[in-house]
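Asker: Okay, here's the prediction I keep looking at, along with the sequence it came from:
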Amino acid sequence: MSRIIVVTSGKGGVGKTTTTANLGMALAKRGKKVILIDADFGLRNLDLLLGLENRIVYTAVEVLAGECRLDQAIVRDKRQSTLALMPAAQHRLKDAIQPRQMRQLVLALAKKFDYVIVDCPAGIEQGFQNAIAAAREAIVVTTPEIAAVRDADRVVGLLEAGGVRSIRLIVNRLRSHMVAANDMMSVEDVQELLAIPLIGIVPDDEQVIVSTNRGEPLVLSEDPSLAGQAFDNIASRLEGKDVEFLDLSPPDDGWLTRVKNFFTRRLF
Amino acid sequence: MFMQLIGRLFNRNRETSSRSAVKQRLQLVIAHDRAALSPATIESMQKEILAVVSRYVEIDTDKLNFSLKSSDRMTSLTADLPIRRIRKTPLEPEATATEMGEATAAKDEVLFNETIAFDFELEDQPGDQADEMPMSSESVPENPGDKGDSIGN
């Protein structure tokens, strides 16, 4: 049976689309047939992160309106032939489709692909309800910041209410220097607050911006940056492999840092 | 950099780290979000609990404390009600409203210095609150100096 996973967060700008693009590409590299659905109607971005923006002809809305066939709207990736995108409409709003229709679309695609990954829009309104309509699993992306964690907690509650059984957490944009200085919540802090199992820790990485500039997900690189490795590891964990979390402790900057870290750990 | 280090060395107060501050704030705000009780509901619940308890004991209304906390996706309401005196004969339900909070203790009441702690637990039912705005944390009256404790206890 194919896996139907929604990537969601509540708050915007925490890395849902980056996560979706990288997980999709990483799973496709493993030979899995993957389709990524952009559920952010009116504000689509997933096509940009994948570098597929010039190849969109039809979107999910045309499919549901019966204006084109399902396979006509599917955009195949040039680099990984097993990766595909179902684009969102850019000129219609989120209430253009209903959860029932989205469910229909997702289930139709699930017949042809091993993984259906839905990139959920920010917020908890109609667009969110559409995105989770057919999901069996959810990945909740958050950053170690107050607003992102609060929104993630709301979303976990709504996913549970919506009948999504498996809910796992990605802590994105971790700055280990700040955690060591007690100026940012650690992964453990976030996990303790949200109380759901962890599937990944992704460090804050400038390469994320570079890769989106080019439309090439991080995991495509021969020698992926730390964030790219982290996303690749999450793909392995989705595949059921037991991969250790990356060691993200800050690099040793010399004796002053060691002394400082010693005191911050012991005293505060 | 060096001054920061010195500052850290001499300032041992845990409250000053922004990491522990954000954790405490989140614990409180998440507990309120999960319970999804409106400020008005909490207030009327507090009044009713207080009214019932006050029929049997006299509560020190200045020191009472209601708080919500969450752990492991379970939310609980804790009420700390410091008791001034035990009433030998419980008041009638109707009389409670007027008697409550007044320090007109009868002579036969016993002096007491104890706290009743209530723990009500509730299962998360997030589905019911999908469209409701989260309530503010100010809705639970707390002793200003006690804020940290009320979250942790």
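Answerer: Looks like it came in fine.
Asker: Which parts of the stretch 1-150 of chain A are helices?
Answerer: According to DSSP state H, counting those that start in this stretch, the stretch 1-150 of chain A carries its helices in the segments A:16-29, A:46-50, A:60-64, A:70-73, A:99-110, A:126-132, A:146-161.
Asker: Now tabulate those helices in TSV and tack on mean pLDDT.
Answerer: Listed next are these as TSV, based on pLDDT from 0 to 100:
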stretch	mean pLDDT
helix A:16-29	98
helix A:46-50	97
helix A:60-64	93
helix A:70-73	96
helix A:99-110	96
helix A:126-132	95
helix A:146-161	96
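Asker: Pick the most deeply packed of those.
Answerer: When you average the neighbours per residue for each of these (mean count of other CB atoms under 10 Å in any protein chain shown), helix A:16-29 leads with a mean of 27. C-beta here means a position set from N, CA and C on the backbone, and glycine is covered the same way.
Asker: and that helix, what does it pack onto?
Answerer: strand A:3-8, strand A:34-38, helix A:46-50, strand A:83-86, strand A:115-119, strand A:137-142, strand A:166-174, helix A:226-238 (3 or more CB pairs under 8 Å, 6 or more residues apart in numbering or on different chains; DSSP states H and E).
Asker: Turn the ones you listed into TSV, columns for distance to A:Asp204.
Answerer: Conversion of those to TSV gives the following (distance: least, CB to CB, whole Å):
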stretch	distance to A:Asp204
strand A:3-8	19
strand A:34-38	24
helix A:46-50	17
strand A:83-86	26
strand A:115-119	21
strand A:137-142	13
strand A:166-174	4
helix A:226-238	8
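Asker: need the helix or strand of chain B with the lowest average pLDDT.
Answerer: Within chain B, no helix or strand scores below helix B:147-152, which has a mean of 38 by mean pLDDT, DSSP states H and E.
Asker: what does the stretch 51-200 of chain A have sitting close to chain B?
Answerer: A:124, A:145-146, A:149-150, A:153-154, A:156-158, A:160-162, A:179, A:182-186, A:189, A:193, A:195 (CB under 8 Å from any CB of the partner chain).
Asker: so what's the residue nearest to A:Ser2 when sequence neighbours are not counted up against?
Answerer: Sequence neighbours aside, A:Ala110 is the residue nearest to A:Ser2 in space, at 4.4 Å (criterion: CB to CB, 6 or more residues apart in numbering or on different chains). By CB atoms under 8 Å, 6 or more residues apart in numbering or on different chains, the contact set of A:Ala110 is A:2, A:4, A:116, A:134.
Asker: Over to A:Ile132?
Answerer: The contact partners of A:Ile132, taken as CB under 8 Å, 6+ apart, are A:6, A:8, A:118, A:120, A:138, A:158-159, A:162, A:164.
Asker: again, but for A:Glu216
Answerer: A:Glu216 is in contact with A:51, A:79, counting by CB under 8 Å, 6+ apart.
Asker: mind running it again at 6 Å?
Answerer: If a contact means CB atoms under 6 Å, 6 or more residues apart in numbering or on different chains, then A:Glu216 has no contacts.
Asker: cool, and A:Gly200?
Answerer: A:Gly200 makes contacts with A:170, A:234, as judged by CB under 6 Å, 6+ apart.
Asker: what do you get for A:Val140?
Answerer: A:152, A:155, A:169.
Asker: could you dump those to CSV with distance to B:Pro82?
Answerer: Formatted as CSV, the entries for these read as follows, by distance: CB to CB, whole Å:
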residue, distance to B:Pro82
A:Ala152, 37
A:Val155, 39
A:Leu169, 40
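Asker: before we move on, back to that, scan the contacts of A:Ala110 and report the most crowded one.
Answerer: A:Val116 (27 neighbours; other CB atoms under 10 Å in any protein chain shown).
Asker: check contacts around it.
Answerer: Applying CB under 6 Å, 6+ apart to A:Val116 gives the contacts A:4, A:35, A:106, A:109-110.
Asker: Apply 10 Å and report the result again.
Answerer: A:Val116 makes contacts with A:2-6, A:33-37, A:86, A:105-110, A:134-136, as judged by CB atoms under 10 Å, 6 or more residues apart in numbering or on different chains.
Asker: now swap in A:Asp189 and tell me
Answerer: With contacts defined as CB under 10 Å, 6+ apart, the neighbours of A:Asp189 are A:144, A:149, A:171, A:179, B:19-20, B:22-23, B:26.
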